[in-house]
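# got a structure for you, letters missing:
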């Protein structure tokens, strides 16, 4: 039973008590409203701080990615400026294969195997075989006699005259600077002494520069100097001045222009032959060009297209941009494999060919990106690099095989390695920052997956496109010397001359002899262009083939093959 508070009997006191209760109720209501407003303000502030925290976290994540990207870029620039350019991993006997444990016994076995010529017990060590000396027998020899003074030809013992009993020879290789000489063509004139009419004389011999003073040897010297030896025309001007005649740069430019026009049909024939090759290797390189549509300089492009061994020509093309139009026009009638880098301009060519042009990607480009990602993700990058090295080991063993045998070996050994690489890339990709060096390498390899596998389907294809980069090296070296092209027309003429000299280099021809002969025969109206192709000319003129270059290439290939065989043998013993 509840006990109610007793109310006062006085009405006025009850009135005052009621008034106090109402006032307190209003105050409590106001306090409750204030508390609710404060709670709403707190909730709003919490939501605001949460949004700020989320934005800050996103900005921090972006800053981390940007910092990692800039750090990798700085490391690449430092290596480019101060470090080695070669993308080479340590391959000495102490390095071994990736993730292998150190094994002193195996190292000792490898060292013993590397010294097969060591002398046995009781045997004297064999002296190193001296290298063959350069033969000088084919050069002109000038005999210079050096005799004793007459006083020294008398015997100090008996006073009699000494007799010559023999001689010693000491050979000295000397250099005489090149010289310019003038060929005077005498053209006799004949006429009837009675009729004083009917004057006849032989025609003026054709020249490579119509109406000019230059002979084929001099024009060939200028072309080889600029487009093979990378000499700007102002340097050739100084060199010719040292030889006794000043020829201005404008005159040399005219000679280059006329020579390019004369050699154009031979370059076009090589282009026709290259487009018949079932496999083409291509790449491009920039060059500064003056005199375009816009004031100042712009960037042009040299493109190279390389045929296979049955079509052994390297043809250059020139465009004023890197747009797709250049290679699309060159390859308009081509059907076959096109091996190139991942330049996006080729995509439209592949898609627009309806399957007649098949894309083949380059493992050297893919490897380079993983090589650059070693500082960002060393474990993942080195794992992929190891598998790529195994792919190249297969190619090394397949070098002397036929196309069918090479394809069979690739199907048997390269495809399982490619499967492991692709599976590993799919596994690693989700946990790598997309903008990092490793992320870019993964994106490149995964986007080019089908094209990177294409080479295993045909033994005529190669694992990479390095041959194109090597063929473009003359342009990369030359532009550091002559710096720019004077006009777009000069670029197209340079492409013709680079094509002619690339053929001489590919077939190890002495370039001056080849270019001089071609200029001479074309200037007299030669129509048999087939005989002037570099491979045909090399067969007909074996004396102009640079044998030392052939021997050098063979020795280098043999050293590389032996080195890789030793590495594989060491790897198999450790396995």
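Alright, I've got the coordinates. What you are looking at is a predicted structure, and each value in this text was computed from that prediction instead of being measured. Numbers count the residues shown, from 1 in each chain.
# residue 393 and residue 452, how far apart?
Applying C-beta to C-beta, to the nearest Å, the value for residue 393 to residue 452 is 17 Å. All C-beta atoms are positioned from the backbone trio N, CA, C, and that covers glycine.
# typo on my end, it should be residue 528
In this structure, residue 528 and residue 452 are separated by 44 Å, where distance is defined by C-beta to C-beta.
# circling back to that earlier point, and residue 393 and residue 452? Which one has more around it.
Under the neighbour definition other C-beta atoms under 10 Å, residue 393 and residue 452 were set side by side, and residue 452 has more, 25 against 18.
# check which residues of the helix or strand that contains the more buried one are buried.
If you go by DSSP states H and E, residue 452 is part of helix 449-453. Taking 16 or more other C-beta atoms under 10 Å as the neighbour-count basis, helix 449-453 is seen to contain the buried residues 451-453.
# next one: stretch 302-320
Taking 16+ other C-beta under 10 Å as the neighbour-count basis, stretch 302-320 is seen to contain the buried residues 302-308, 311-320.
# from the chain's centroid, how far away is it?
14 Å (C-alpha atoms, centre = their mean, to the nearest Å).
# for stretch 394-413, same thing?
Here stretch 394-413 shows a centroid-to-chain-centroid distance of 25 Å under the convention C-alpha atoms, centre = their mean.
# that stretch: end-to-end distance?
Length of stretch 394-413, first residue to last, C-alpha to C-alpha, to the nearest Å: 7 Å.
# hmm, who's touching it?
Contacts made with stretch 394-413 from outside it, assessed by C-beta atoms under 8 Å, 6 or more residues apart in numbering, are listed as 414, 417, 455-460, 462-463, 560-561, 564.
# could you list which residues are in contact with residue 280?
When contacts are counted by C-beta under 8 Å, 6+ apart, residue 280 is found next to 274, 305-307, 331, 334, 336-339.
# host element of residue 301?
With elements delineated by DSSP H and E, residue 301 resides in strand 297-306, which encompasses its position.
# elements contacting the helix or strand just after that strand?
Toward the C-terminal end, the helix or strand that comes next after strand 297-306 (DSSP H and E) is strand 314-319. Using 3 or more C-beta pairs under 8 Å, 6 or more residues apart in numbering; DSSP states H and E as the contact criterion, the secondary-structure elements in contact with strand 314-319 are helix 249-274, strand 297-306, helix 325-330, helix 488-506.
# give the buried residues for the shortest one.
Yep, that's helix 325-330 we're talking about. Across helix 325-330, burial judged by 16+ other C-beta under 10 Å covers 326-327, 330.
# could you do stretch 401-417 as well?
Of the residues in stretch 401-417, those buried by neighbour count under the rule 16+ other C-beta under 10 Å are 406-407, 409-410, 413-414, 417.
# closest to the centroid, which residue in the chain?
Most central residue of the chain, judged by C-alpha distance to the mean C-alpha position with C-alpha atoms, centre = their mean, is residue 469 at 2.8 Å.
# need the phi and psi values for the residue nearest to it when sequence neighbours are not counted.
Counting by C-beta to C-beta, 6 or more residues apart in numbering, residue 283 is the residue found nearest to residue 469 once chain neighbours are left out, at 5.9 Å. Dihedral angles of residue 283 (phi, psi; degrees, to the nearest 10) stand at phi -160, psi 170.
# what about residue 283, how many residues close to it?
By the measure other C-beta under 10 Å, the count of residues near residue 283 is 22.
# and the nearest residue to residue 311 once chain neighbours are set aside, which of the three is it?
Excluding the flanking residues, the one nearest residue 311 by C-beta to C-beta, 6+ apart is residue 277, at 3.9 Å. Secondary structure state of residue 277, per DSSP: H, G, I helix; E, B strand; the rest coil, is coil.
# ok, residue 277 - contacts?
With contacts defined as C-beta under 8 Å, 6+ apart, the neighbours of residue 277 are 307-308, 310-311, 336.
# closest to residue 12 out of the residues you listed?
Taking C-beta to C-beta as the measure, residue 336 is the one of the contacts of residue 277 closest to residue 12, at 116.5 Å.
# please name the nearest non-neighbouring residue to the closest one.
residue 278 (4.4 Å).
# picking up where we left off before, in this structure the residue nearest to residue 469 contacts residue 470, no?
No. Assessed by C-beta atoms under 8 Å, residue 283 is found out of contact with residue 470, at 9.6 Å.
# about what we covered before: tell me which residues of the helix or strand where the residue nearest to the centre of the chain lies come out buried.
Taking DSSP H and E as the definition, one finds residue 469 inside helix 466-471. Residues 468-469, 471 are the ones in helix 466-471 that count as buried (16+ other C-beta under 10 Å).
# quick one: which of those residues is nearest residue 180?
Distances from the buried residues of helix 466-471 to residue 180 were compared by C-beta to C-beta; the smallest belongs to residue 471, at 33.1 Å.
# the buried residues of stretch 401-417 in helices, which ones?
Secondary structure defined by DSSP state H assigns 406-407, 409, 417 of the buried residues of stretch 401-417 to helices.
# redo these as JSON lines? Include distance to residue 479 and pLDDT.
Supplementary listing: these in JSON lines, determined by distance: C-beta to C-beta, whole Å; pLDDT from 0 to 100:
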{"residue": "406", "distance to residue 479": "36", "pLDDT": "94"}
{"residue": "407", "distance to residue 479": "39", "pLDDT": "95"}
{"residue": "409", "distance to residue 479": "40", "pLDDT": "95"}
{"residue": "417", "distance to residue 479": "38", "pLDDT": "93"}
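# which residues in this structure form strands?
For the chain, the strands defined by DSSP state E occupy 279-290, 297-306, 314-319, 336-339, 357-360.
# how far out from the middle of the chain is the last one?
It refers to strand 357-360. The gap between where strand 357-360 is centred and where its chain is centred comes out at 20 Å by C-alpha atoms, centre = their mean.
# that strand pairs with which strands?
When sheet partners are counted by DSSP bridges, strand 357-360 sits next to strand 336-339 (parallel).
# check which residues of stretch 243-261 are buried.
Under the neighbour-count rule (16+ other C-beta under 10 Å), stretch 243-261 has 247, 251-252, 255-256, 258-260 buried.
# what's the farthest-apart pair in those residues?
Longest distance between any two of these is 17.9 Å, between 247 and 260; criterion C-beta to C-beta.
# what's the closest of the buried residues of helix 466-471 to residue 365?
When the buried residues of helix 466-471 are compared for distance to residue 365, the smallest value, 9.6 Å, is given by residue 469; criterion: C-beta to C-beta.
# quick check, pLDDT for that closest one.
As summarised for this prediction, residue 469 has a pLDDT of 91.
# over to residue 64?
According to the model's per-residue confidence, residue 64 sits at a pLDDT of 83.
# count residues in the vicinity of it, would you?
Burial of residue 64, expressed as a neighbour count using other C-beta under 10 Å, amounts to 11.
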